[in-house]
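>>> the sequence and its predicted three-dimensional model are supplied below.
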Amino acid sequence: MAMPETENFLNELPKISPIELPKKLMSILEEIKSYGINQLLAAYPDFFAILLNQIKKKDSAALFNQTPPAVDLLSDLLWEGVAGQLEKRGESKAVLQKAERKMRINIEASDSPFKSHFIVQEGKISGGSGLLHFKEEDFRFMGPTEVLIDLLLGDLYLGFSNLRLQTAGHSGWLPRIGPIMREINKIIKGSKEEIKIHF
């Protein structure tokens, strides 16, 4: 994939109609997979922030319901990118290394096929599409697709106290997950700015 195609896609994204976006989304994600997500993020560190914000503006649940394969691919690329970029950030890696024990987190939308997960273990993070078996999960975030996108972007201003965001799991996990989520938010936003999540 040539880099100008990605740049054109990002520039045109706000103008793409909700009808056109499902087809174009799958196409661009497949090209990014072929090109390499971490190579792309090296040139466009805010790629996911731009993409997720535009998806949110175009009725994210409706879009995801039209394109389940694209939803899974987006989730796989997002976690591959987060894992790759966290490895390059000393401060972020230090936060992961401070995790007292293994974390297995599920993220599930109530109004679309968006299902995702991430695992923190031995100072590293991994994740992808689909849910971990409920017997293996430590904590789960649930809610409308738009709310979960806000969670990933660090734009969920009420944080874990947001009434639209449901959770399952012992509340004692929240102080452990919070610092990890802040680092995830930074990677997705393509910035080093402090993300404030209140819980």
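Sure thing, it's come through. Numbers count the residues shown, from 1 in each chain.

>>> which stretches of this structure form strands?
Under the criterion DSSP state E, the chain carries strands at the ranges 103-109, 115-121, 124-129, 139-143, 166-168.

>>> what's the closest of the ones you listed to residue 90?
For those, the distance to residue 90 is smallest for strand 124-129, at 14.0 Å, taking C-beta to C-beta. In short, each C-beta sits where N, CA and C put it, glycine included.

>>> packing partners of that closest one?
helix 68-88, strand 115-121 (3 or more C-beta pairs under 8 Å, 6 or more residues apart in numbering; DSSP states H and E).

>>> quick check: the closest residue to residue 67 other than its chain neighbours vs residue 149, distance?
Setting aside the residues directly before and after it, residue 67 is nearest to residue 22 in space (C-beta to C-beta, 6 or more residues apart in numbering), at 4.5 Å. The gap separating residue 22 from residue 149 is 17 Å, by C-beta to C-beta, to the nearest Å.

>>> who has more neighbours, these two?
Taking other C-beta atoms under 10 Å, residue 22 and residue 149 do not tie; residue 149 has more neighbours (21 against 18).

>>> wait, the more buried one touches residue 57, no?
No - under the criterion of C-beta atoms under 8 Å, residue 149 makes no contact with residue 57, lying 10.4 Å away.

>>> just name the shakiest helix or strand of this structure by mean pLDDT.
helix 3-12 (a mean of 71; mean pLDDT, DSSP states H and E).

>>> mind listing what's buried in it?
For helix 3-12, a neighbour-count test (16 or more other C-beta atoms under 10 Å) marks 6, 9-10 as buried.
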